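K.L.:
I need the structure of the sequence given here:
(7 chains, ligands or ions: 2)
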Amino acid sequence: MYTLSSILVLFVFWLLLSGNFTAFLIAAGAGSAIGVVLLARRMEVVDHEGHPIHLSWRLVTYWPWLFKEIAKSAWGVTKIILNPRLPISPTLVRVPTSQKSTVGVVTYANCITLTPGTISVEVKEGEILVHALTRESADGLLEGEMDRRVTRFEGRR
Amino acid sequence: MSVFVDAVSWACLIAGGVFCVIGAVGLIRMPEFFTRIHAAGVTDTLGAGLILLGLMLQAGFTLVAVKLAMIGVLILFTSPTATHALAKAGLARGLKPLLAEDRSKPSNP
Amino acid sequence: MTPEATILLAIAVPAVGMGLIAAAHRMPDLREAITLATAGLLSVLVASLTPLVLDGARPGVTVFEMMPGLALRFEVEPLGMLFGLVASGLWIVNSLYSIGYMRGNEEKHQTRFYVCFAGALAATMGIAFAGNLLTLFLFYEALTLITYPLVTHHVTPGAVRAGRLYLGLLVGTSIVFLLVAIIWTWQLAGTIDFTPGGILGGEVPNATVGVLLALYVFGVGKAAVMPVHRWLPAAMVAPTPVSALLHAVAVVKAGVFSVLKIVIYVFGVEATAGVKSVDWLPFMAGFTIIAASIVALRADNLKRRLAYSTVSQLSYVVLAAALLTPLSVIGAALHIAAHALGKITLFFAAGAIYTAAHKTEVSQLDGIGRRMPWTMGAFTVGALSMIGLPPAAGFVSKWYILQGAMATGQWNAVAVVVASTLLNAGYFLPIVYRAFFVAPPDDGHRAHGEAPFTMVAALTLTAAGTVALFFFPDVPLALARQLAGG
Amino acid sequence: MTAIANHFSYWATLFIAIAGLYIVIARGNLVKKLVGLAIFQTSVYLLYIAPGKLIGGTAPIIADKFAVYSNPLPHVLILTAIVVGVATLALGLAIVVRIKEAYGTIEEDEILAQEQPALQQTADNKM
Amino acid sequence: MRSWRRSNLPFSKPPITRCNILISQNYPILHVVVPLIAAPLMVLLRHGGFAWLLAAVASWSSLAVSAALLAEVAGGGVISYAIGSWAPPWGIEYRIDSVNAFLLVLVSLIASVVVIYCRESVEAEVAPEQHYLFYTMYVLCLAGLLGIAATGDGFNLFVFLEISSLSSYVLIALGRDRRALVASYQYLIMGTIGATFIVIGVGLLFLMTGTLNLADMAARLREVTDTRPILAALAFLTVGISLKLALFPLHLWLPNAYAYAPSAVTAFLAATATKVSLYVLLRFYYSVFGESAVFIAHPTSDILLVLSLAAMFIASTVAIFQDNIKRLFAYSSVAQIGYITLGVSFDSLTGLTAAIVHLFNHALTKGAIFLLLGGIALRLGAVRFQDIGGIARVMPLTSFGIVLAGLSLIGVPGTVGFVSKWYLVLAAIESGAWWLALLIVLSSLLAVIYVWRFVEAAYFQVPSASVSRLREAPLSMLVPAWLMVAACLYFGLDASLTLSGASQAAAELLPGSR
Amino acid sequence: MRNYLVLRVIAKLMIMFMVLFALYVQFHGDFGPGGGFQAGVISAAAIVFYGIIFGLPAAREVVPDRLVEVMIAAGVLLYAGVGVAGLLLGGNYLDYFVLGADPVDGQHRGIFWIEMGVLITVAGVMLKIFYMFAGRGDGGGE
Amino acid sequence: MFGAAAAALLVALALALTRACLGPTVFDRALAANTVGTIAVLLLAVIGFLTDRPEFLDLAIVYGLLNVVGTIAVLKYFEYGNLGDPGDAEEESKA
Ligand code: NA
Ligand code: NA
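P.N.:
Ligands and ions are numbered 1, 2, ... in the order given. The predicted structure is shown next:
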């Protein structure tokens, strides 16, 4: 199941990259996709973690929100950097997580890191240790908006 | 249309370049390692995103745009991963963050 | 057999002899027989060439080209003929003597000794018959190297030191001066073939001729002109047959032979006669003659005295060559032969004394003539030849040298010869006197007689030769005259 | 403009080369020396990146459907130089690893110090 | 000039007549390709004995091909071979003339002789599981050296230089003494700096001329007006090549590398690597920059002269005081390289002939010495003076071979060293510097001292118990070594072949003075 | 590091795409030289990435040491073989033009196989280097 | 305009390199190097447009991939002392 869908995804990826549709290149693409998946099976990386195909359609709703958040917080950090007084108040904080799957937790952790002003430092059972540039961004994270959205994005299986 | 797209794309490129510089300035200005990571984040997100967007607008709906998008996705996935790994490694190797407040202590006896 | 083949054989025979001697190293008798046979064969070969040369022929053979325009070439001319005769003839006698000496003193490494000796003769033949400077240089160096194991025969620290000096001075001077001189000559004249009348004549600036001559004279370290004479006394650590080889048969003779040959065939006697820049050479030679004689006078060690005598006598040849007159050149050539016979007799005698009586110092020789009459008789003949008194060969050669000097009015040279004759007498006659006219000390030493028979036979033979050369100098003289006649 | 570019590449080459060489010479740590060497080699890439007068103008990679490409393409040269540099660095590191196993250190002076007693000993033996 | 596949277009379509294989047409590349193909085969098969056989076959075929090439160009011809049929200057050109054909024969000859020797020597000195690696690196090194000699392309030259260098670093590091590692590391650092200098020099020329083809570069350099970058290129190349050829004082890597490498490697490298570097120097000086640009416009001659004299005297003096005999002869190599560069510094036909003929002669001499020392190393484990006392009694052939080759180092007539010395002194006298002639011969007296240290140790000392137990080196090592010794004597007595080759090559480089 | 959650998940996601991208570069690089090199570097980087995250033994299981050596040799042999093929077909060494029915075709084939050789060798060499150092050393640096 | 973006990126690059040189800790340098990598990727893309050679994008992708592998390799080295340690001992997982 994962194998077949992986081959398909890789083949589409190939076609996107290639843009050339000669018989040779299409054949090469198909062959490459199959070969890569065979190698990946050897590595045992073709599973729900390595190939989270089930999440793909939810990206459509999640990413725009994420981009907005990134832009907002990046602007906040920019102001801090450009402020001559450098008004920072670095804070370490533990953020609880509500995701069920590893992919979900990783997504949440990476989203925390991706939004400037907060970085996930350690991912642990049920919580993430976060370093925030200011108290405010730490507080913002603790409100749990992102946590809820990632959990929703992860979906229930 | 093309003028408008051009204008937007120029704006994106300039803004992206500026954010990149700001991130780099932050890299210099910030007092210690963990705070510097946040500054680098500006370059990685807003700077990179805007520049790639500007370039994509220039490229139009072509293969080049697809590749630019791919670079964007690549950065989107790898940048936080690398940053996180850095922060984790720093902490693990005994690098003490400069803190105004440590709210992690209570739950970490 | 063609003369060309004979020339090549003259070099090949001792070389092959080396191999045979080495192969027979477990059978001493066979080994010594091979040595004698080789020596005899060589003498016959060389002698067979003599009539040709006396008839004016100059047989030659080019073996191959070593470098473009520079061949390995042999050519027999009168001087080389004379040297070849002396060397090959004395090798027989020396071999005879060596057998007695080496066995009598129970020397080690006897095979190596005979092998190297044969090799030295091969190299000497190459020098004698060299047709150009390159060939001469090749065999000159070969002679140095092949005699090195002979000089260091005893492998004592002293022998190793002497070997270092021997090698350092001879190889050093030959590479630093002689080689440069040869290449310079080649560059100036476009040839380095030995040519009657010389090859440098005319075109070369006078000053250059003087510098070149200096390079040659000091480059040929074997001629032992002061100050490059020091290897010769040092080499006295070697067994007596080796000393005989060095002093009479091959090494130093090869040196003065080379100097004479270069003066005659490279510079040219007539061509160089008026050149001012070579005037230093007679002085250098004269100084060596006198200085070495004085050292000899003060030496108590018999072999050391003989060694310095050699240094002095060699410079006779150099002086004679430097006089640049036909008569003195005849004298020089004859002196090579005369000194060879006389000095080998003296060394044989010294070796015989050492073998029979284990005495090395002059002061120990009181009355020894009574126990070793043959030996000391021969010694006396040799001493007379050194001094230059009849009826010894030394008289003939000195006579020609003096005549040459006087004919051209080089009175300094005359004075040197006369003075050195007195000095020679001063350090040889006391030995003869002690041996025969002073009573032996009563120190309870065991009685001894003559040395082993082969040794006595050999030294008697050479003493007889010394006298014979006085009475019948025809062949050498004829050869030498050809030389002077150009 | 080309001239400026050319000169820029000269100076950049020179600067990086000197910096790299300085590290090679000044550092006693064998790995750091190799890093310096790698930096030194980097200078070459810069030099080849600014070819003033390539035969036939720009070097095409994909030009038309079928085109002749000439061999002295800067990026091929740089690529080759990189390959050589990587190989050198890897070999150097491999040697350093074995030096570390043999001597227990990768500091030049400490290695020398270990060899020095050996020299001393040979001198003593000779006495 | 004769072009083997003449093409006027950037590429030319050769007449497609399949299977008209003329192997001889491809000689200019085959001598490099054969060892290059042999190397991966060895890795694939991973078998020491097979690797040796393959290395031997590769070396011998390279020798055969090189000899055929030399015969082809001996008359003064030039063979131009376009890789991939891309006509020069677009493609990589291989260009064989009498200069590099001479070198090709030398290098492949040495390789062919040493490879026989390797059989027993490598068995003893290299761990069994690394034998295939040894031979892989050996043929790679050979291919690199041959490639340097054959190629007419500046960058390709750098690539082959690095192939040979990298493989020689590995070969040196395979030595059993741990100091081999440090030596290899030092050589790697110095060699890489040298190679990088060279590629910077080539790059500067590339920037100025837009071409990497050396012949083409030479033609275009005449038109370049801005000479400062060219001067810089000259300086970079000179320093870089001097590092590779161990010109004093850039020789510091050499003594340890030679002393601690496996014996076969020392012999092979000593006989070939520095010689090939010297060829590169000559090629750039005479064929690319041109004689006038190098020697007349700049004091190159004087600089070379001073450095050469320093090498001759200082390195020889240092050699005298070495205890490790391999190190001694390594320093002697530095000195002998000084003789070669001295010949170059005269900038005359005779001087260049002397340099080239000494290049050949010294390769034979040092090859022989290091091969024979390898025999001692095999039996004794070490080649230090305090260990070899009296060794001539138990290893007479080995010892005598070293003495004969040592005589060649001194320059005794009848050996190749004499021929070299003759021409060097002649060149010095021709240039009017007879004091230089004296210095040349004076410096060879230092060789007398260090060679005689060996003679006295080997012949005049009483063998210790450990020495007495030794046997003569095995035949498979003695035969190659004595082949070299015999060559030292043969070409010393009859130098017409080597000298005609050398003077032809010199005339090729110095066309004006023919 | 296989228990390092974030890295593990991201690595699993990326590795397949990296290898595929490498092959993309390889197959689209036949007009420009260097494709093989980049492809080799990327595919090796993918394996190295895997090795870093999942450990050297795991990487060695996927690509054994012997395979790495064979890759290096086979790549070089392929490269040289193409050259010899040109030679055997009557052209010069590395002559692509004789490899196909017409020169253009021949050039395509020639470059393709050459680049394949480069890919295999470069990937092999990079892995060899990684294997050589990954198991050793304990922070020789600062 | 691409030129302006490129110039801005060069400035950013210089600043990041400054941090890489200043350190002071290894992690600062690694962070700076990672940022340099990101900027270099962008710069490559912009240069592709500037010189009209789209193949630079492939180069950018390659660089981006290697950048992340390199950063993580460096981190692993400093955390574990070598690159090959499977690191099973570490407890972090919740899965
Ligand atoms: Na963040
Ligand atoms: Na962030």
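K.L.:
hey, where'd the helices end up in chain G?
P.N.:
G:2-22, G:26-50, G:55-80 (DSSP state H).
K.L.:
From the contact counts, what lies against the longest one?
P.N.:
Contacting helix G:55-80 under the criterion 3 or more C-beta pairs under 8 Å, 6 or more residues apart in numbering or on different chains; DSSP states H and E are the following elements: helix B:63-92, helix F:5-27, helix F:35-54, helix G:26-50. Just so you know, the C-beta spots here come from the backbone N, C-alpha and C atoms, and that holds for glycine as well.
K.L.:
now the third one, how far from the chain's geometric center?
P.N.:
Spelled out, that is helix F:35-54. 8 Å (C-alpha atoms, centre = their mean, to the nearest Å).
K.L.:
Dump the helices of chain G to JSON lines, plus distance to residue E:194 and mean neighbour count.
P.N.:
Shown next, in JSON lines, are the helices of chain G (distance: least, C-beta to C-beta, whole Å; neighbours: other C-beta atoms under 10 Å in any protein chain shown):
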{"stretch": "helix G:2-22", "distance to residue E:194": "28", "mean neighbour count": "19"}
{"stretch": "helix G:26-50", "distance to residue E:194": "30", "mean neighbour count": "24"}
{"stretch": "helix G:55-80", "distance to residue E:194": "29", "mean neighbour count": "22"}
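K.L.:
Turn those into CSV, including distance to residue C:379 and mean pLDDT.
P.N.:
Output for these, formatted as CSV (distance: least, C-beta to C-beta, whole Å; pLDDT from 0 to 100):
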stretch, distance to residue C:379, mean pLDDT
helix G:2-22, 93, 89
helix G:26-50, 94, 89
helix G:55-80, 92, 82
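K.L.:
Go through these and name the closest to residue A:126.
P.N.:
helix G:55-80 (24.0 Å; C-beta to C-beta).
K.L.:
and the direction of that closest one versus that of helix F:5-27, what angle?
P.N.:
Orientation check (axes from the mean of the first three to the mean of the last three C-alpha atoms, to 10 degrees): helix G:55-80 against helix F:5-27 gives 150 degrees.
K.L.:
In a markdown table: the helices and strands packed on helix G:55-80, plus distance to residue C:160.
P.N.:
Converted to a markdown table, the helices and strands packed on helix G:55-80 look like this (distance: least, C-beta to C-beta, whole Å):
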| stretch | distance to residue C:160 |
| --- | --- |
| helix B:63-92 | 70 |
| helix F:5-27 | 71 |
| helix F:35-54 | 64 |
| helix G:26-50 | 63 |
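K.L.:
can I get those in JSON lines with distance to chain D?
P.N.:
Formatted as JSON lines, the helices and strands packed on helix G:55-80 follow (distance: least, C-beta to the nearest C-beta, whole Å):
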{"stretch": "helix B:63-92", "distance to chain D": "13"}
{"stretch": "helix F:5-27", "distance to chain D": "13"}
{"stretch": "helix F:35-54", "distance to chain D": "5"}
{"stretch": "helix G:26-50", "distance to chain D": "11"}
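K.L.:
Looking at those, which is nearest to residue C:174?
P.N.:
helix F:35-54 (61.3 Å).
K.L.:
Low-confidence bits of chain F, can you list those?
P.N.:
F:1-3, F:29-34, F:89-105, F:107, F:135-142 (pLDDT under 70).
K.L.:
burial measure for the residue in chain C positioned nearest to chain E, as a count.
P.N.:
Across chain C, the shortest distance to chain E (C-beta to the nearest C-beta) belongs to residue C:138, at 4.1 Å. If you count neighbours by other C-beta atoms under 10 Å in any protein chain shown, residue C:138 ends up with 23.
K.L.:
Now do the SS call for it.
P.N.:
Three-state assignment for residue C:138 (DSSP: H, G, I helix; E, B strand; the rest coil): helix.
K.L.:
does it really touch residue C:72, like I thought?
P.N.:
Yes - assessed by C-beta atoms under 8 Å, residue C:138 is found in contact with residue C:72 at 7.2 Å.
K.L.:
so what are the domain limits for chain A?
P.N.:
Domain assignment for chain A by automatic domain parsing gives A:2-42, A:56-154.
K.L.:
Compare those and report which one is nearest to residue E:364.
P.N.:
domain A:2-42 (54.0 Å).
K.L.:
Smallest gap between chain D and ligand 2, at which residue?
P.N.:
residue D:35 (29.9 Å; C-beta to the ion).
K.L.:
For the longest helix along chain D, which residues meet the burial criterion?
P.N.:
In chain D, taking DSSP H as the definition, the longest helix is helix D:74-103. By neighbour count with 16 or more other C-beta atoms under 10 Å in any protein chain shown, helix D:74-103 contains the buried residues D:74-86, D:88-100, D:102-103.
K.L.:
From the contact counts, what lies against it?
P.N.:
helix D:30-49, helix D:108-126, helix E:154-173, helix E:179-209, helix F:103-134.
K.L.:
That one vs helix E:154-173, what angle?
P.N.:
10 degrees.
K.L.:
Now do helix D:74-103, average pLDDT.
P.N.:
For helix D:74-103, the mean pLDDT works out to 83.
K.L.:
Pull the distance from stretch B:18-37 to the chain's centre.
P.N.:
On C-alpha atoms, centre = their mean, the centre of stretch B:18-37 falls 11 Å from the chain's centre.
K.L.:
if we can go back for a sec, how about the helices of chain G, which one is nearest residue E:150?
P.N.:
Per C-beta to C-beta, nearest to residue E:150 of the helices of chain G: helix G:55-80, 33.3 Å.
K.L.:
Quick one: low-confidence residue ranges for chain A.
P.N.:
Judged by pLDDT under 70, the stretches of chain A that qualify are A:48-59, A:155-157.
K.L.:
Write out the residues of it neighbouring chain G.
P.N.:
Within reach of chain G by C-beta under 8 Å from any C-beta of the partner chain, chain A has these residues: A:101, A:102, A:105, A:122, A:123, A:124, A:125, A:126.
K.L.:
How about stretch B:79-87 and ligand 1, any contact?
P.N.:
No - counting by C-beta under 5 Å from the ion, ligand 1 has no neighbours in stretch B:79-87; the shortest distance is 7.0 Å.
K.L.:
Only C-alpha atoms, please: export that stretch in PDB.
P.N.:
Extracted C-alpha coordinates of stretch B:79-87, given in PDB (Å, rounded to 0.1, in the frame of the first residue of the first chain):
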ATOM      1  CA  SER B  79      15.200  24.800   8.100                       C
ATOM      2  CA  PRO B  80      13.200  24.100  11.300                       C
ATOM      3  CA  THR B  81      14.600  20.700  11.500                       C
ATOM      4  CA  ALA B  82      18.100  21.900  11.400                       C
ATOM      5  CA  THR B  83      17.300  24.800  13.800                       C
ATOM      6  CA  HIS B  84      15.700  22.400  16.300                       C
ATOM      7  CA  ALA B  85      18.600  20.000  16.100                       C
ATOM      8  CA  LEU B  86      20.900  22.900  16.700                       C
ATOM      9  CA  ALA B  87      19.000  24.100  19.800                       C
END
